[in-house]
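Asker: Provide a 3D model corresponding to the input given below.
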Amino acid sequence: MTPTAALPLGAAALVAAVLGTQVAAGGWDLGPTRAADPCRARAVVAVSTGLEGLGEQLVLLGLDGAACRLHTTREALVLRLAEPGARTDAEVDAVRAGLHDAVDRLDAEHRLPPASSLLDEVLVGSGLPDLVQRALHALPDSLINNRLPTAEVLRRAVDDLDVRALLARVTDPAQVQSLVTAAVKQAVKQQLLAGLPHPFG
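Answerer: Have a look, this model is predicted:
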């Protein structure tokens, strides 16, 4: 058999191998994609880094947790949260509890950054004098991290969120993640700033 004649056979074998792998992985169904079960842990990778990335992870996992509590999907919950009218107590409680679950999961998986790694972002726009900011930067990371365990900071930040008022600002499904992420990020920043040791005693 010539090399040219072997090409179609090789291509057919490659296609067969790909299809076989897809079928084995359950990919034969060409119908609409089924929404993921929010009660089953799924991998969440943040697009951003630092406080923004941390907020993204918390919100995505938090919405899964809320949807699980409300016996719906994350996608359906996002649509519901964007509907006109006040949010129910059950929805507000589910979102807050979901965010707490997200903190617990990231903490258990050792995926929370140390507080010291967030210091630069916390100090931006803080209004602290340059002298104080330089002194804070000079503090040992261990001192900051021991004083401000990230998981505890996040739990306090979630507790401080006015979830009902936050959700009342949502008017479009596309806003849910961005608004909640921004609010979580700001709450975490405030908690870190309030808990930083005073560099001058």
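Asker: Next up, the contacts around the residue positioned nearest the centre of the chain.
Answerer: Nearest to the mean C-alpha position of the chain, counting by Cα atoms, centre = their mean, stands Q57 at 1.4 Å. Residues in contact with Q57 (Cβ atoms under 8 Å, 6 or more residues apart in numbering) are V44, A46, A102, L106, R111. Where C-beta positions appear, they are placed from N, C-alpha and C, glycine not excepted.
Asker: Determine how far the strand or helix carrying it lies from the middle of the whole chain.
Answerer: Element membership for Q57 (DSSP states H and E) is helix 50-69. In terms of Cα atoms, centre = their mean, to the nearest Å, the gap separating the centre of helix 50-69 from the centre of its chain is 3 Å.
Asker: ok, G65 to A102 distance?
Answerer: 6 Å (Cβ to Cβ, to the nearest Å).
Asker: If I look at the closest residue to A46 other than its chain neighbours, what pLDDT would I see?
Answerer: Nearest residue to A46, sequence neighbours excluded (Cβ to Cβ, 6 or more residues apart in numbering): G53, at 3.6 Å. Predicted confidence (pLDDT) for G53: 91.
Asker: same question, the one 10 residues further on
Answerer: L63 carries a pLDDT value of 95.
Asker: you'd agree it is up against P173?
Answerer: No. Contact criterion Cβ atoms under 8 Å: L63 and P173 do not qualify, at 11.4 Å.
Asker: Common neighbours of these two, please.
Answerer: Common contacts of L63 and P173, defined by Cβ under 8 Å, 6+ apart, comprise V78.
Asker: Of these two, which one has the most company?
Answerer: L63 (25 against 15; other Cβ atoms under 10 Å).
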